[in-house]
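A.B. asks: Provided below for reference: sequence and predicted model.
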Amino acid sequence: MTDPTHSAPGRLIAALAAALAAALLMVGCGGDLSDLERYAERIKQRPGGEIEPIPEIPPQETFTYPGHERDPFDSSVIATRVTEDVGPESDVTIDPNRPPEFLEQFPLDSLRMVGTMEQDEVQWALIRTPERNIQRVKEGNYMGQNHGRIDQITDTRIEITEIVPDGFGGYQEREGSVALTE
């Protein structure tokens, strides 16, 4: 069986039907708009409403906290701290020429002390890395990402001195430790 729309007369009939449907739709949309225009005019004739005035906001009473008179955004406070800091913390520096040790690539809180051992009268601590490898360290070695120097090793913990930024362009020492985990 052949499809009538594939023949020339079938295509002509289909085109005429589509044109007739489009013409009917356009007539429906372009009809009498007088009722819409009357409604719009009626709305325009209504008196406008009054806008409520903006409510008056009472002024807030200020309060000055005792002992807090300085401006928190005053940058001279920071400049004063940097220029006046001549204490022992200002002498803390980082040796840029010291080659980093293996355990300095890991954050200190990711390293675990798993034991100790003594060899040739030297106390060693056994450290498990995040990759689950075991490394041994002794006093004077470094570990952690803040230049943590090992000061003392006991059977239950490692005492460390880290060098951290002080927030004013310098460095300060911070005590830390890694405890034995079971």
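C.D. replies: Here it is on my side, so go on. Given the structure is predicted, the values throughout are model-derived calculations rather than measurements.

A.B. asks: so in the protein, where's the weakest helix or strand by average pLDDT?
C.D. replies: Lowest mean confidence among the helices and strands of the chain (mean pLDDT, DSSP states H and E): helix 76-84, at a mean of 55.

A.B. asks: so how far is the helix or strand just after that one off the chain centroid?
C.D. replies: Following helix 76-84 in sequence order, the next helix or strand is strand 112-119 (DSSP states H and E). Remark: strand 112-119 is offset 38 Å from the chain centroid, using C-alpha atoms, centre = their mean, to the nearest Å.

A.B. asks: so what touches strand 112-119?
C.D. replies: Here strand 112-119 makes contact (C-beta atoms under 8 Å, 6 or more residues apart in numbering) with 123-128, 134, 136, 153-155, 157-158, 178-181. (C-beta placed from N, C-alpha, C; glycine too.)

A.B. asks: quick one: mean pLDDT for that strand?
C.D. replies: Per-residue pLDDT values across strand 112-119 average out to 94.

A.B. asks: check which helices and strands the next helix or strand after it is in contact with.
C.D. replies: On the C-terminal side of strand 112-119, the closest following helix or strand by DSSP H and E is strand 122-128. The contact analysis (3 or more C-beta pairs under 8 Å, 6 or more residues apart in numbering; DSSP states H and E) places strand 122-128 against strand 112-119, strand 134-137, strand 148-153.

A.B. asks: list the buried residues of the first one.
C.D. replies: What it means is strand 112-119. Judged by neighbour count using 16 or more other C-beta atoms under 10 Å, the buried positions of strand 112-119 are 112, 113, 116.

A.B. asks: go on, stretch 151-159?
C.D. replies: 153, 158.

A.B. asks: now do the helix or strand hosting residue 161 against strand 112-119, angle only.
C.D. replies: Using DSSP H and E, residue 161 maps to strand 157-165. Strand 157-165 and strand 112-119 are oriented at 120 degrees to each other (axes from the mean of the first three to the mean of the last three C-alpha atoms, to 10 degrees).

A.B. asks: what lies in contact with strand 157-165?
C.D. replies: Taking C-beta under 8 Å, 6+ apart as the rule, strand 157-165 contacts 92, 94, 108, 113, 125, 137, 143-144, 146-153, 171-180.

A.B. asks: filter those down to the buried ones.
C.D. replies: Applying 16+ other C-beta under 10 Å to those flags 92, 108, 113, 125, 137, 143-144, 146-150, 153, 171-173, 176, 178, 180 as buried.

A.B. asks: how much space between residue 166 and residue 93?
C.D. replies: Using C-beta to C-beta, to the nearest Å, residue 166 is found at 12 Å from residue 93.

A.B. asks: these two: who's more crowded?
C.D. replies: With neighbours defined as other C-beta atoms under 10 Å, residue 166 and residue 93 compare such that residue 166 has more, 17 against 9.

A.B. asks: helix or strand: which one has the nearest residue to the more buried one once chain neighbours are set aside?
C.D. replies: For residue 166, ignoring the flanking residues on the chain, the nearest one in space by C-beta to C-beta, 6 or more residues apart in numbering is residue 172 at 4.3 Å. Per DSSP H and E, residue 172 falls inside strand 171-179.
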